[in-house]
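>>> Attaching a predicted model along with its sequence, questions to come.
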Amino acid sequence: MQVSESELKRFIMDSGLVARKDIDAAEVKATAQKQSVGDILVSDGQISSDALRRITAYVLGMQFVNLKDGKIPFEVLSLIPEPIARTHNIIAFKKSADSLEVAMLDTEDLPAIDSVRKKTGLKILPRLTDDDSIKHALLQYQKSLKEEFGDLISTEAGKIKLVKDSDGEEITGDALKKMAEDLPIVRIVDTLLRHAITQSASDIHIEPMEEEVLVRYRIDGILRDAMTLPKQAAPGITARIKVLANLKLDEKRLPQDGRFKMETESDKVSFRVSLLPVYFGEKVVMRLLRETGEGFTLEALGFHGESLERMHSAMKQTTGIILISGPTGSGKTTTLYTVLDILNTPDVNISTVEDPIEYQMKRVNQTQVNPAIGFTFANGLRALLRQDPNIIMVGEIRDSETAALAINAALTGHLVLSTIHTNSAAGAIPRLMDMGVEPFLLVSTLRVIVGQRLVRRLTDSKEQYTLDAAEREKIATKDHFEAVLKDLIDEKLEKPATKIDSLPFYHPKPSAESDDGYHSRIGIHEILSVSSAVRDLILHGGITDAIEGQARKEGMLTMFEDGLYKATRGVTSLEEVLRAVAE
């Protein structure tokens, strides 16, 4: 149901929100650009999008709902999974016997309405709402889960009884298995896992302490306390996780590693489990891995401008090595899988050897190493070379044997992707030399080395500010800011006359979307192309600083400078950049 332009114009005029001359000017512009008068008024800042929705709802005789002031029952809210609600801006807020009222920003989004109808089997009644209402309702997903989780713990934990023998020692074996299958324990673990998925946690830590059990989630790279559980819940929770991961129930003295999968309405998640004996019991850490590595782009990961061009240039090569460097948790594997996804076409054979396989990819032959039986990266890579691959991914270069085999594979007509643990892109070169790789082999095979870290993204409610000269000097030298400004001008994001003094930066601001002003993460990168000048430095034993200096002369932004670039764009904050990498 569409609103005619004449009706919309008349009602906007009657509302008194926009002057007549501005409406007339918008009408001329709308005709020229073949757009709606309302859209032109919104884009010109004459009226807010929410005000336009209210007027549209009034003209259509459609109910407009405000969700900011009330709490939606969780059983109604959860009829639409959060990812669908967030993607399509559709919220279930009122249910009757045969119908469901949903609040939307766009009531013409028929695929979203049809999807909800099929899922619920109910008649869907669309209602218009505003941005703040949607944000408030989306926040209730997290709050409702926390409330449900807390209620569940207090209810179910009281039902848990430790099984002990006559000496007061906990019984192992069958008794532990029985405990792991008790309904209270099953419900607690299931809710804990689902809550972590909804919170977009990357890790779950379950830590036994003297009087209680601490549960922590790592969200956007930061560990946060989720809740504490009663001490008596620890053995059952640990046993339940061991059962899920197919681990030995009665083994409490040695570390154990396992894996299991879980499927929700919106996600298929693999949990990588690590158990470690500690003083008060067994600590459990679970890494959450989304099952698909597809769908990322290099731009979405944070690559841009010249850096992006260098990556695409290296990926067009049919031989050589693309190396990703950085510490644990810096997103190296995600970058590798994104490159693989782009290269994964029907005319190439891609084989990988990984520890562990973090994402499953179609048409890619993935192999899991198993050092316990002697199947190492080196052995796996040696076997892959007999599988007629075009592209090989080695999860990590850890030793001289793997390094030598990777170099040999690149020399014999393969494109090799891998990671290495170093603090910078230039630092990967002396690290490979330390592993025994000859400099002349490095210059023949290395295409690009990517150094990276992850920083948290700012939400839309950030606050802008500028730095004075004294503040800039404390943070970095003038040439860092000059390099960033040059890149911004080259990418036409700033005018050529822009001065360093006018570059904007942003502070995080807590909002309904985020308690600390951050949500999700993005990479900051440095892309070292192995040019002829860099090759000469490698052959003559150039140190890390000399190699990095030459790369900067050739236009490479360091990770710190790329962080400054993203801070001026409002993607992240200076505080985040300094936390992740400091010069």
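Everything's here; your move.
>>> Can you find the helix or strand of this protein with the lowest average pLDDT?
helix 5-15 (a mean of 66; mean pLDDT, DSSP states H and E).
>>> Can you name the element that comes right after it?
Downstream of helix 5-15, the next assigned helix or strand under DSSP states H and E is helix 20-33.
>>> Which residue ranges of the stretch 101-250 of the chain form strands?
Assigned by DSSP state E, counting those that start in this stretch, the stretch 101-250 of the chain shows strands spanning 123-128, 201-208, 212-219, 222-230.
>>> roughly how far apart are Pro255 and Gly329?
Counting by CB to CB, to the nearest Å, the gap from Pro255 to Gly329 is 20 Å. Using the backbone N, CA and C atoms, a C-beta is placed for each residue, glycine as well.
>>> which residues does the residue nearest to Gly395 when sequence neighbours are not counted contact?
Closest residue to Gly395 apart from its sequence neighbours, by CB to CB, 6 or more residues apart in numbering: Glu354 at 3.9 Å. Glu354 makes contacts with 366-369, 393, 395, as judged by CB atoms under 8 Å, 6 or more residues apart in numbering.
>>> Equivalent analysis for Pro255, please.
Pro255 touches 274-277, counting by CB under 8 Å, 6+ apart.
>>> Thr333: which element?
Taking DSSP H and E as the definition, one finds Thr333 inside helix 332-343.
>>> how about that helix: buried residues?
By neighbour count on 16 or more other CB atoms under 10 Å, the buried set for helix 332-343 is 332-341, 343.
>>> Residues contacting that helix, please?
293-298, 301, 311, 315, 322, 324-326, 350, 352, 358-359, 361, 364, 391, 393, 395, 415, 417-419, 450, 452, 523.
>>> which among the residues you listed end up buried?
293, 296, 298, 301, 311, 315, 322, 324-326, 350, 352, 358-359, 361, 364, 391, 393, 395, 415, 417-419, 450, 452, 523.
>>> just to revisit the earlier point, in terms of mean pLDDT, which of the strands of the stretch 101-250 of the chain ranks lowest?
Looking over the strands of the stretch 101-250 of the chain, mean pLDDT reaches its minimum on strand 222-230, with a mean of 85.
>>> So for stretch 534-554, mean pLDDT?
The average pLDDT within stretch 534-554 is 92.
>>> change the start of the numbering to 29 and stick with it
Right, with 29 as the first residue, what we last looked at is stretch 562-582.
>>> which helices and strands does the helix or strand hosting Asp515 pack with?
For Asp515, the host element (DSSP H and E) is helix 506-518. Contact partners of helix 506-518 among helices and strands, from 3 or more CB pairs under 8 Å, 6 or more residues apart in numbering; DSSP states H and E: helix 333-343, helix 587-596.
>>> Between these, which one is closest to Ile83.
With CB to CB as the measure, helix 587-596 is the member of the helices and strands packed on helix 506-518 nearest Ile83 (37.0 Å).
>>> tilt between that closest one and helix 506-518?
60 degrees (axes from the mean of the first three to the mean of the last three CA atoms, to 10 degrees).
>>> Averaged pLDDT, helix 587-596. What do you get?
On average, the pLDDT along helix 587-596 is 95.
>>> Output the below-cut-off pLDDT ranges for the stretch 479-611 of the chain.
Of all residues in the stretch 479-611 of the chain, those with pLDDT under 70 make up the ranges 540-541, 610-611.
>>> From what I see, Val130 and Arg155 are in contact.
Yes: with contacts counted by CB atoms under 8 Å, Val130 reaches Arg155, the gap being 6.8 Å.
>>> what's the overlap in contacts for the two?
Overlap between the contact sets of Val130 and Arg155, as judged by CB under 8 Å, 6+ apart, is nil.
>>> got a list of contacts for whatever helix or strand Ile119 lives in?
Secondary structure assigned from DSSP H and E places Ile119 in strand 118-123. If you take CB under 8 Å, 6+ apart as the criterion, strand 118-123 is touched by 93, 95, 100, 104-105, 107-108, 112-113, 128-132, 137, 140-141, 144, 148, 150, 157, 161-162, 165-166.
>>> Give me the buried entries from those residues.
Buried by 16+ other CB under 10 Å: 93, 95, 100, 105, 107-108, 112-113, 128-132, 140-141, 144, 148, 150, 157, 161-162, 165-166, out of the contacts of strand 118-123.
>>> So which of those residues belong to helices?
105, 112-113, 140-141, 144, 148, 161-162, 165-166 (DSSP state H).
>>> Out of the residues you listed, which comes closest to Asp218?
Leu105 (19.2 Å).
>>> Tell me the spacing between that closest one and Phe405.
47 Å.
>>> what's the answer for Thr473, then?
On the measure of CB to CB, Thr473 and Phe405 end up 17 Å apart.
>>> Could I get the phi/psi values of the closest residue to Asp137 other than its chain neighbours?
Sequence neighbours aside, His116 is the residue nearest to Asp137 in space, at 6.0 Å (criterion: CB to CB, 6+ apart). When read as degrees, to the nearest 10, the backbone of His116 gives phi -100, psi 0.
>>> ok, now Ile552?
Torsion angles, degrees, to the nearest 10, at Ile552: phi -120, psi 140.
>>> Alright, calling it a day.
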